[in-house]
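Asks: could you work out the structure for the sequence below:
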Amino acid sequence: MRKKAEDSIGYRLEILPSQIDHFEAGKGVFLSCKKTGKVLPGTLLGFLPGFIHPHDEKVPEVEPN
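Replies: Numbers count the residues shown, from 1 in each chain. Presented below is the predicted three-dimensional model:
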């Protein structure tokens, strides 16, 4: 799926070890763009489906799996 997405939109996101030099840095999200080597500012990089809750509405509690 990542290869198909990269072929159609020109880039992909990858989760790799962070380049931040700190013992709690963990992992980071990196952009891979083989066609042009860069992505222009303002480009949509990704999205996650979900719900938008108004700020005055209480968000329901969700039990972890």
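
Asks: would you map the helices across this structure?
Replies: Using DSSP state H, the helices of the chain run over 2-9.

Asks: out of everything not next to it in sequence, what's closest to the residue nearest the centre of the chain?
Replies: Nearest to the geometric centre of the chain sits residue 46, at 5.5 Å (Cα atoms, centre = their mean). Excluding the flanking residues, the one nearest residue 46 by Cβ to Cβ, 6 or more residues apart in numbering is residue 13, at 5.7 Å. For glycine as for every other residue, the C-beta is placed from the backbone atoms N, C-alpha and C.

Asks: contact partners for that neighbour?
Replies: Shown in contact with residue 13 (Cβ atoms under 8 Å, 6 or more residues apart in numbering): 29, 30, 31, 32, 45, 46.

Asks: burial count for the first one?
Replies: Other residues near residue 29 come to 11 when the count uses other Cβ atoms under 10 Å.

Asks: repeat for the second one
Replies: The local packing of residue 30 (other Cβ under 10 Å) involves 13 other residues.

Asks: low-confidence ranges in the protein?
Replies: 1-2, 5, 59, 65 (pLDDT under 70).

Asks: got a list of contacts for stretch 54-65?
Replies: residue 53.

Asks: buried ones in that stretch?
Replies: For stretch 54-65, a neighbour-count test (16 or more other Cβ atoms under 10 Å) marks nothing as buried.

Asks: start at 329 instead
Replies: That works, and once the first residue is 329, the last one we named lands at stretch 382-393.
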